[in-house]
Every structure is written in C-alpha cells, then in structure tokens.
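*Asks:* Turn this into a model:
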Amino acid sequence: MSKGPGLFSDFGKEAKDLLNKDYTSDQKFTISSTSYTGVALASNLVKKGGLSSGDVAAQYKHKNAVVDVKLDTESNILTTLTVTDLLPSAKTVASFKLPDYNSGKLEVQYFPEHAALTTAVGLKKSSAVDFSATIGTPSIAFGAEASYMTSPGEFTKYTAGVKIIKPDSNASVILADKGDSLRVSYLHHLNQLNGGAVVGEIVRKFSTNENTLTVGCLYNVDPLTVVKAKLNNHGNLGALVQHELRPKSFLTISGAFDTKALEKTPKFGLALSLKP
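*Replies:* Just a heads-up that it's a prediction; the model follows:
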C-alpha cells in the first residue's frame, strides 16, 4: 500500500461514485477495443432528448508516457499527454483542446512521502492557477485546494477537508464554496449485501439554510449483477441494475422518480458498454 494520502480530489470519491456513477437518463452506447499495435480505441454515442452526440477516443502507452486523443461530433479535438517519473515521485499532465487554442493546461503532481501536491496552470494570459495539497497517510489525511485567477488577482475557489479510511468504511468532511457549504459523507461495506455497501451524505448550504440528505446502497445480486438505489430528503429516488454480459461488457438500466410528484413522468436511461 502507498504511504501517501492520495490527491485531494479523491476525498469522498468512493461515496460520491456510489451515489452518482452509472446513473443516467440518456441512452448511451460505447464500444472499445485494443489493436494489435497496443492502441486502445473507444467510441461513444449518446442520445439525450432529441439530440445525439458522440466521440471517438484513442489511447497509446509507451514506457512512462500515455497519449489520449478524443474527437467529438462538434469537431473538437482533446489531446492529453501524461508522463510519470519525469521527475522523481512526480507526474506531469499536459492537455489542450482544438480549435480553442487558449485551452492549454499544464499540471504537475508531486507525491513525496505522506503528502501529495498538485499545481495546474492554464496557458492563456488571464488564466487560473489551481493547486492542492494533502498530508497524512492512507488511513487519515487533511487537505485543501484553491483556484487563483491571475487577471483579477483573486481567489475564485478554496476548499478544505479531512478523510478517514478504514478497511470496511470511510468518511470525509469537506468545507467548499468558499466556506458556504459543508459536505459530510460516510460509506460502510457490508457482508450482508454480498460485498455491497451503504452510504449517507449530507450537504449543508449556509447561505440558503438548506440541507440535502442522501442515502444509498449497493447490492451484489451475483458475481455478474449489481443493484444500486438512492433517495434524498427532497423525494428524489434513483435506482439502477447493471449486468456484466461478458468480461468488461456491461448493460445498465437506470431510472429516476420524484416521489413527491408521482404525476410527473419518470426518467429512464440505458447504457450499453461493449468490449469485444
């Protein structure tokens, strides 16, 4: 196990993924494969309402470098170059999007023992400088992140938090939105759910005096089928079932309901991901 605390962006990630990942109200089809030259290819087609969009992506790995290229139906080309160990215990990520020539971004991640530091700089004149820092161990860590706009010369975002991870559970407390919101989450793995988990999250918005409580669970029906559900105090209920058709190929059906307005039409989504 790594001695470091991980990136600040990973605080509360497992709980967030259980509550949000794979839920959709759209129709999505994905097919991916790897060529004999080692290039990984993926194609996505999404239908949202009456609109359809898609993209084609390719990834090539060579030694300590990874190149990702994505072309979407709006003629945007996103290219990302990731290099590990260019410097000891460091990772460098460079990205740019065409035809937006001002979208270039350079990020450096540094992982000394018991810490993780990141700095990201946009390559245009009046760009944002993002940085984050965490300190601790894989079991407990403290961290913060901020975004500074060079042109107005002010901070546009600052966030701080703490995470605690145990073998069967993890928790996080994050103060975000310049101190205006507090997010607390707790996830616990249960053997009663065949290796599944339950999660609870509460978000407090101080400026509006509003609280949002969300609870969710994941249940492994069998080695190939997973069921997830979530409900918040506003009456929004979501559920999904995901089945592995073959190794690394998944069919996901999800739905969302407003239990306080049953006359509204429920939303349903379908996602098919194939890897021949």
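*Asks:* Was I right to think residue 258 contacts residue 267?
*Replies:* No: with contact defined as CB atoms under 8 Å, residue 258 does not count as touching residue 267 (9.2 Å). (Each C-beta comes from the backbone N, C-alpha and C, glycine too.)
*Asks:* where exactly do the strands run in the stretch 151-276 of the chain?
*Replies:* Assigned by DSSP state E, counting those that start in this stretch, the stretch 151-276 of the chain shows strands spanning 154-166, 169-176, 181-190, 196-205, 210-222, 225-232, 236-246, 249-258, 267-274.
*Asks:* mind checking which of the ones you listed is nearest residue 79?
*Replies:* Nearest of the strands of the stretch 151-276 of the chain to residue 79, taken as CB to CB: strand 267-274 at 23.6 Å.
*Asks:* Now do that closest one: which elements does it pack against?
*Replies:* Packing contacts for strand 267-274, counted by 3 or more CB pairs under 8 Å, 6 or more residues apart in numbering; DSSP states H and E, involve strand 27-34, strand 249-258.
*Asks:* most neighbours per residue, which of the ones you listed?
*Replies:* Compared across the helices and strands packed on strand 267-274, strand 249-258 shows the largest average neighbour count, a mean of 17 (mean count of other CB atoms under 10 Å).
*Asks:* Compute the inter-axis angle for that strand and strand 236-246.
*Replies:* Using axes from the mean of the first three to the mean of the last three CA atoms, to 10 degrees, the inter-axis angle of strand 249-258 relative to strand 236-246 is 170 degrees.
*Asks:* that older thread, Serialize the helices and strands packed on strand 267-274 to TSV and add fields for mean pLDDT and distance to residue 185.
*Replies:* Below are the helices and strands packed on strand 267-274 laid out as TSV (pLDDT from 0 to 100; distance: least, CB to CB, whole Å):
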stretch	mean pLDDT	distance to residue 185
strand 27-34	94	26
strand 249-258	96	20
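*Asks:* which stretch among those strands comes nearest residue 18?
*Replies:* Of all those, strand 249-258 sits nearest to residue 18, with 13.5 Å by CB to CB.
*Asks:* Would you mind listing where the chain has pLDDT under the threshold?
*Replies:* Regions of the chain meeting the criterion pLDDT under 70 cover residues 1-2, 125-126.
*Asks:* Alpha carbons of stretch 68-81, in CSV - could you do that?
*Replies:* Only the C-alpha atoms of stretch 68-81 are listed here, as CSV (Å, rounded to 0.1, in the frame of the first residue of the first chain):
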residue,chain,number,x,y,z
ASP,A,68,-5.0,10.3,-25.2
VAL,A,69,-6.8,11.8,-28.2
LYS,A,70,-10.5,12.4,-28.4
LEU,A,71,-12.6,13.7,-31.4
ASP,A,72,-16.2,14.6,-30.9
THR,A,73,-19.1,15.3,-33.3
GLU,A,74,-18.6,19.1,-32.7
SER,A,75,-15.2,18.8,-34.3
ASN,A,76,-13.4,19.4,-31.0
ILE,A,77,-10.1,17.5,-30.6
LEU,A,78,-8.9,17.0,-27.0
THR,A,79,-5.3,15.8,-26.6
THR,A,80,-3.7,14.8,-23.2
LEU,A,81,-0.2,13.7,-22.6
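*Asks:* List of residues touching it?
*Replies:* By CB atoms under 8 Å, 6 or more residues apart in numbering, the residues outside stretch 68-81 that reach it are 52-59, 65-67, 82, 93-100.
*Asks:* how about a cut-off of 6 Å?
*Replies:* Contact with stretch 68-81 is made by 53-59, 67, 94-98, as judged by CB atoms under 6 Å, 6 or more residues apart in numbering.
*Asks:* From these, list just the buried residues.
*Replies:* Among these, those classed as buried by neighbour count (16 or more other CB atoms under 10 Å) are 54, 55, 57, 59, 95, 96, 97.
*Asks:* So in terms of bridging, what pairs with the residue lying closest to residue 229 once chain neighbours are set aside?
*Replies:* In space, and not counting its chain neighbours, residue 229 is closest to residue 239: 4.4 Å by CB to CB, 6 or more residues apart in numbering. Bridge pairing for residue 239 (DSSP bridges) gives the partners residue 229, residue 255.
*Asks:* State the distance from residue 239 to residue 31.
*Replies:* Distance of residue 239 to residue 31, computed by CB to CB, to the nearest Å: 26 Å.
*Asks:* distance of residue 119 from residue 113?
*Replies:* According to CB to CB, residue 119 stands 19 Å off from residue 113.
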